[in-house]
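# Give me coordinates for this.
(one chain, ligands or ions: 2)
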Amino acid sequence: MPEQRPTLDHEHLPIKFGTEFVIRFSRLLRGAAIYDQNHVNIDRLIHECVQTINSIIRSHGNFILKVARDNFFFNSTRIIVSADNYPVFKVFWQEMKKRRIGEVEFLEEVSGEHLREFVYLLLRPEENNESNYLYVKKQLEYRNIRSIEVGELEFFKDEEIYVDSEGQKKHSKEVYFRSIGLVKEVVESINQQKAFNIRKAKRLMQNAVDAVLQDDSTLLGLANIKNYDEYIFNHSVNVAIYAIALGQRIGIPKKHLSHLGMAGLFHDIGKTRIPKEMLSKMGKLSPEEQSVMRSHPVAGTELIMKMKEWGELSARMIEGAFEHHLRYDLTGYPRLTRKKKISLFGRVITVADFYDALVRPRVHNRFPYVSEKILGIMLERSGKDFDPAIVKVFINMIGIFPLGTLVLLNTNEMGIVTQIQEDTELIDRPRVCLLYYGDGEYRKGKIVDLKERDNATGEFKKSIVKTLDPNEYNLNVAEFLM
Ligand SMILES: [Fe+2]
Ligand SMILES: [Fe+2]
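Numbering: from 1, shown residues only. Ligands and ions are numbered 1, 2, ... in the order given. As a prediction, the model looks like this:
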C-alpha cells in the first residue's frame, strides 16, 4: 500500500464535503424546478440534502460555499472539480449566477422545512435581476430562517483566499522540494545501476498535479525563482511543473497530467550518460562535445526502455525524453529518418524545457534572459519550433512579469508579483505585494491590484516601470511568495 501522509486526508475533507453538498443541492434545485413543494420526490431530495448539510455542520461547524469567477470554495478552500462532477457544478454555478448569489452559508443545523422554503425562494426571482440576491436575503429574514444566509455575487478577493491557503502553500512547497530530492535519488540509482522506487515518483507527481489544480501560483512561483544552485535537479522539477500547469490549461485530463509530470521530470534523464565535466563546462562546447551532448535524448530513451519498472508509462516517458529537442517542424535533434508528428506530450515538454533552460543562470549561460525576452523569442518561433497553440497558452500562463518578479512601480514603491491576471489584456497588470523597508530589512506590505483605476481620473492607480534584480536588494523572493 502506498504510504499516505495523515494530513493529506484532513486537507481533502473540505473538498469532499463541498463536492457532496453541491451535488445534493443541485439535484434538489433541479427537482424543485420540475415538481411542486409537496411532491414525494422533493421530500426525498430535501431529506438527502438536509442529511449532508447537517452532518457537515456537526463535524465542521458552520460552512460557506462561495463561487468566485469559475472557482468554488468551501470555507475558502478551493474545491477541485473532477471531470465527472463538472456538469453538476456548472448547473449550480449557472443557477446561482442568474440570481446574483455568490455564496450560501449554513450557520447551524437546518430543518427540512426551512430548506424547502429556501429552495423555492431561489426559484422565484427573475433571471439576472440585480435585486434577486436582496429579495432572497430579505425573505429569509422575514420568514425567520436563521440557519441560512446568502451573499451577493462579487469579484474575487484574493487576500482572503491567501490568508486561508497557508497550509496549501506549505504543501506545494513540500511537493516541490521532495520532487527535487526524488530526481537526485533517481540519478544516483542510475549512476550506481541500482533499481529505484517508481511508485514513489508516481505518487509525488500525483501530489504535484493536485497542488497545481488547487492553486498553481505557489508551484509556478517556485519554478520561476532563479537563485537555486543545483541546476539540473531544479530544471527537471520545473519542467514537470510547467508541463502540468500547461497541460491543465490545454485540457489534458487529470489522470494523464501525472504521466505528463513524470515525462517532464525525466526528460533529461539521458544526461546521466554524459560526462560530468562536459555538463559543467564553462563557455562554448566544441563540435565533438556538442554531438555528445546531443545524444542525450536517445540515451534517455534507451535508459527508459531498459527500466522494466516503468511498465506502460514507458511510452509516455519516451515521448518526453526523445522528442524534447525536436521542433514542431520536425527539425532539431535527434535527426529523424521517418517524419512523424510530434506527440502532444512532446510538444508541451519542449515548450516548458525551452523556457526553463533560458530563464535561469547556469554554466553555459551565465546571464539569464529576462522572461519577457524569452517569451518574445518563443512567439517569434511559434509555428516553426513550437506548437503555436501551446505557446499562446504558455505566454498567458507565465505573463510578461512572472510570479516572483521584483518590480518598481511609478509610485516609486517596490513590489513582488504574486498573481497574474487571467484576462490576457491585463497581462502587464498583475497583483503585486508591496515591500516596505523597516528594521534593516524588506517586509511584506499590502497586496495591490495593478488593474485598479482611479475613480476620478480613470487612470490606472499604479503601473510597473521596470523589473529589478532581487540580488541587488539582498532579497529572497521565495520568502515573499510563501
Ligand atoms: Fe534536454
Ligand atoms: Fe531539459
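
# from here on, contacts and neighbour counts on C-alpha atoms
OK.

# Strands along the stretch 101-250 of the chain, start to end?
101-106, 148-152 (DSSP state E, counting those that start in this stretch).

# Run the angle between the shortest one and strand 101-106 for me.
Read that as strand 148-152. Angle, strand 148-152 to strand 101-106, by axes from the mean of the first three to the mean of the last three C-alpha atoms, to 10 degrees: 160 degrees.

# For strand 148-152, name the packing helices and strands.
strand 101-106, helix 132-142 (3 or more C-alpha pairs under 8 Å, 6 or more residues apart in numbering; DSSP states H and E).

# tell me the contacts of D428?
399-401, 464 (C-alpha atoms under 8 Å, 6 or more residues apart in numbering).

# need the contact list for L65.
By C-alpha under 8 Å, 6+ apart, L65 lies in contact with 18, 72-75, 103-105.

# no, scratch that, I was asking about D454
Residues near D454 by C-alpha under 8 Å, 6+ apart: 460-461.

# From K461, how far off is it?
5 Å (C-alpha to C-alpha, to the nearest Å).

# what's next to the host helix or strand of Y436, contact-wise?
Assigned by DSSP states H and E, Y436 falls within strand 431-438. The contact list for strand 431-438 (C-alpha under 8 Å, 6+ apart) reads 413-421, 442-450.

# Moving C-terminal from that strand, which element do we reach first?
Downstream of strand 431-438, the first helix or strand assigned by DSSP H and E is strand 441-449.

# Now do that following strand: which elements does it pack against?
strand 431-438.

# now the strand it packs on, how far from the centre of its chain.
24 Å (C-alpha atoms, centre = their mean, to the nearest Å).

# Which positions within that strand qualify as buried?
431-435 (16 or more other C-alpha atoms under 10 Å).

# Let me see the mean pLDDT of stretch 420-427.
Averaged over stretch 420-427, pLDDT sits at 74.

# Same question for stretch 99-107.
On average, stretch 99-107 scores 88.

# how many neighbours does L45 have?
Neighbour count of L45, defined by other C-alpha atoms under 10 Å: 22.

# next one: the one 3 residues further on
Other residues lying near E48 total 17 when counted by other C-alpha under 10 Å.

# about what we covered before: between the helices and strands packed on strand 148-152, which one is closest to V237.
Across the helices and strands packed on strand 148-152, V237 has its closest neighbour in strand 101-106 (37.1 Å, C-alpha to C-alpha).

# if we can go back for a sec, to G270, which of the strands of the stretch 101-250 of the chain lies closest?
Using C-alpha to C-alpha, the nearest of the strands of the stretch 101-250 of the chain to G270 is strand 101-106, at 50.8 Å.

# Tell me the helices and strands packed up against that closest one.
With 3+ C-alpha pairs under 8 Å, 6+ apart as the test, strand 101-106 has strand 63-68, strand 148-152 packed against it.

# Deepest-packed of these, please.
Comparing the helices and strands packed on strand 101-106 by mean neighbour count (mean count of other C-alpha atoms under 10 Å), strand 63-68 ranks first with a mean of 21.

# Average pLDDT for the next helix or strand after it, rounded please.
Later in the chain than strand 63-68, the nearest helix or strand by DSSP H and E is strand 71-74. The pLDDT scores in strand 71-74 average 81.

# Beyond strand 71-74, next helix or strand please.
Strand 71-74 is succeeded, C-terminally, by strand 77-78 (DSSP H and E).

# for the helix or strand that that following strand is followed by, which positions count as buried?
For strand 77-78, the following helix or strand on the C-terminal side (DSSP H and E) is helix 86-98. Judged by neighbour count using 16+ other C-alpha under 10 Å, the buried positions of helix 86-98 are 88-89, 91-93, 95-98.

# Check stretch 65-78 too.
65-68, 72-78.

# As JSON lines, those residues with distance to L475 would be great.
Compiled in JSON lines, the buried residues of stretch 65-78 are given as follows (distance: C-alpha to C-alpha, whole Å):
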{"residue": "L65", "distance to L475": "38"}
{"residue": "K66", "distance to L475": "36"}
{"residue": "V67", "distance to L475": "36"}
{"residue": "A68", "distance to L475": "33"}
{"residue": "F72", "distance to L475": "35"}
{"residue": "F73", "distance to L475": "33"}
{"residue": "F74", "distance to L475": "35"}
{"residue": "N75", "distance to L475": "33"}
{"residue": "S76", "distance to L475": "30"}
{"residue": "T77", "distance to L475": "30"}
{"residue": "R78", "distance to L475": "30"}
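
# pLDDT score for D469?
pLDDT recorded at D469 is 77.

# Equivalent analysis for the one 10 residues further on, please.
Note for E479: predicted pLDDT of 76.

# number of nearby residues for it?
E479, neighbours per other C-alpha under 10 Å, totals 10.

# Let me know the secondary structure of it.
helix (DSSP: H, G, I helix; E, B strand; the rest coil).

# Contact partners for it?
Contacts of E479 by C-alpha under 8 Å, 6+ apart: none found.

# now do K184
K184 sits in contact with F233, where contact means C-alpha under 8 Å, 6+ apart.

# Kindly recompute the last result at 10 Å.
Contact partners of K184, counting by C-alpha atoms under 10 Å, 6 or more residues apart in numbering, are 178, 190, 230, 232-234.

# Out of those residues, show me where the pLDDT dips lowest.
Among those, E230 has the lowest pLDDT, at 68.

# To S172, which of the helices and strands packed on strand 101-106 lies closest?
In terms of C-alpha to C-alpha, the element of the helices and strands packed on strand 101-106 nearest to S172 is strand 63-68, at 22.2 Å.
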